[in-house]
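S.K.: Below are the sequence and a predicted model for it; my questions follow.
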Amino acid sequence: MSTGRLKSPEELEPGNIQRTTASASWTKQSGADMTAATVAYGVNRTDLGTRHALLAEITRRRGAMTGFGRFELLQPETAALLHASSSNHAEPGNERPAVAAFNPSGEFQWSPPPIWSRR
Amino acid sequence: MSMAMAAEANAWMFMQDGVVWGLANHQGGSRGGDQVRVPNWWMGMATKKAGRSQFTLTSMLSLDPATVGERGYRELFQTGEAIDGEPLIDRQHPHDFFMQVAAVWRVAVTGRTGFTLAGGPVAEPALGPVAFMHRASAAEMPLAPLGHHTVDSTHIAFGAVTAAIAHGPIVLEGSLFNAGSPTNTAGTSSGGSSTRYPDAFGTNRRHRGSSRCPPAA
């Protein structure tokens, strides 16, 4: 768990952010095989409002095959996103939509021998 | 990806880890687009034990500014940071060339209790979980989390110092750091402080190339 006070962290957004996070990670390694998972939550409190974000991710490696996925549920910066589409004149801050994203993936990995080692 | 280690008793141990992605990126819809980018980073670490102390130098560099571009890569719904006075919308900012230049000094007070002092001109303060590129659970994921600027975006702080006390799996740490966005080079001086109470599951027991403080046991 952590909390921090960020003084004027954004170039274009005046004001401070109070960020509070909580996370838990779990890793199990056996030789080259590995399973690792993380659940993390963060909240940014500013003068303009509060935005929450939750993520859960897992990576599982078996030999050269790796599978991984990440699920996220969060409140994006709606005002900035709407600003980008000029046809939409919604007042910022009136809506608090949430975005859910899920990205499952897999890969085959080839690892070259170590480039250098000194002994 | 490659990793190399070299160690001798009480000598310097070196470790490196590098990643180069070939990223064919398709983001759909009217706000999306196609692009090919090559995100990458390299981490180098040198560590030496002396008596009850351990001294570690960490560095992390990225050629992203050249191979990804200053406007970053496309990622729908992603926001955060700015370039040339314009906010980055539907884009993930590139990593800075210097992602980390830090030193960590750790001394074992007892077998289960340790004190750590860490920091440097580019370092990771004790706020949020270990950043995504250092997390084992995100080791192969090519895209940044959409919650990056709510959870773990302070991992590149241009100026940070952290003090930590670890007892068994419990770490209590606090940081003072420059909270300005990495691409914010306008010289706005800013600061931050945080206190972190990692869980007993060992949040940062396994992380690659981070200057974050590990548990003592």
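M.R.: Done, it's in. Numbering: from 1, shown residues only, chains lettered A, B, ... in the order given.

S.K.: State the mean pLDDT of stretch B:153-164.
M.R.: The pLDDT scores in stretch B:153-164 average 87.

S.K.: CA atoms of it as CSV?
M.R.: What follows is stretch B:153-164, C-alpha atoms only, in CSV (Å, rounded to 0.1, in the frame of the first residue of the first chain):
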residue,chain,number,x,y,z
SER,B,153,3.5,6.2,-13.4
THR,B,154,6.0,7.7,-11.0
HIS,B,155,8.7,5.0,-11.7
ILE,B,156,10.8,7.5,-13.7
ALA,B,157,11.3,10.4,-11.2
PHE,B,158,14.0,12.9,-12.0
GLY,B,159,15.4,13.0,-8.6
ALA,B,160,14.3,10.7,-5.8
VAL,B,161,15.6,9.5,-2.4
THR,B,162,14.0,6.6,-0.5
ALA,B,163,14.6,5.4,3.0
ALA,B,164,13.3,2.0,4.1
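
S.K.: How far off centre is that stretch?
M.R.: 9 Å (C-alpha atoms, centre = their mean, to the nearest Å).

S.K.: mind listing what the spatially most central residue of chain B touches?
M.R.: Nearest residue to the geometric centre of chain B (C-alpha atoms, centre = their mean): residue B:155, 4.4 Å. The contact partners of residue B:155, by C-beta atoms under 8 Å, 6 or more residues apart in numbering or on different chains, come to B:99, B:124, B:128, B:130-131, B:133-134, B:210. C-betas here are computed from N, CA, C, even on glycine.

S.K.: mind listing the helices in chain B by residue range?
M.R.: According to DSSP state H, chain B carries its helices in the segments B:64-67, B:148-151.

S.K.: Could you list the low-pLDDT ranges of chain A?
M.R.: A:84-95, A:111-119 (pLDDT under 70).

S.K.: Try it again at 90.
M.R.: Applying pLDDT under 90 to chain A flags residues A:1-18, A:23-27, A:29, A:31-32, A:46-49, A:63-66, A:76-119.

S.K.: Surely residue B:104 touches residue B:58?
M.R.: Yes - contact status for residue B:104 versus residue B:58: in contact at 6.8 Å, counting by C-beta atoms under 8 Å.

S.K.: Select the helix or strand of chain B having the lowest average pLDDT value.
M.R.: Every helix and strand of chain B was ranked by mean pLDDT, DSSP states H and E. The lowest is strand B:192-196, at a mean of 42.

S.K.: mind listing the helices for chain A?
M.R.: Counting by DSSP H, the helices of chain A are A:78-84.

S.K.: Point to the residue nearest the middle of it.
M.R.: residue A:55 (6.1 Å).

S.K.: Around residue A:12, count how many other residues there are.
M.R.: Neighbour count for residue A:12, taken as other C-beta atoms under 10 Å in any protein chain shown: 13.

S.K.: pLDDT value on the residue lying closest to it once chain neighbours are set aside, please?
M.R.: Closest residue to residue A:12 apart from its sequence neighbours, by C-beta to C-beta, 6 or more residues apart in numbering or on different chains: residue B:82 at 5.0 Å. If you check residue B:82, the pLDDT there is 83.

S.K.: if I read this right, residue B:82 contacts residue B:89, doesn't it?
M.R.: No - counting by C-beta under 8 Å, residue B:82 does not reach residue B:89; the two are 9.9 Å apart.

S.K.: I figured residue A:2 was touching residue A:41, is that so?
M.R.: No - using C-beta under 8 Å, residue A:2 is not in contact with residue A:41, being 11.1 Å away.

S.K.: what do those two both touch?
M.R.: A:21-22.

S.K.: residues of stretch B:10-27 that come out buried?
M.R.: B:13-17, B:19, B:21, B:23, B:25, B:27 (16 or more other C-beta atoms under 10 Å in any protein chain shown).

S.K.: Report the rounded mean pLDDT for that stretch.
M.R.: On average, stretch B:10-27 scores 88.

S.K.: picking up where we left off before, what separation do you get for the residue nearest to the centre of chain A and residue A:71?
M.R.: 7 Å (C-beta to C-beta, to the nearest Å).

S.K.: can you give me the strands for the chain?
M.R.: All of this refers to chain A. Applying DSSP state E to chain A gives strands spanning A:2-6, A:17-30, A:33-46, A:49-62, A:65-74, A:99-108.

S.K.: Correction: the question concerned chain B.
M.R.: B:2-6, B:13-20, B:23-27, B:33-37, B:40-50, B:53-61, B:73-83, B:86-92, B:98-108, B:113-122, B:160-167, B:170-177, B:192-196.
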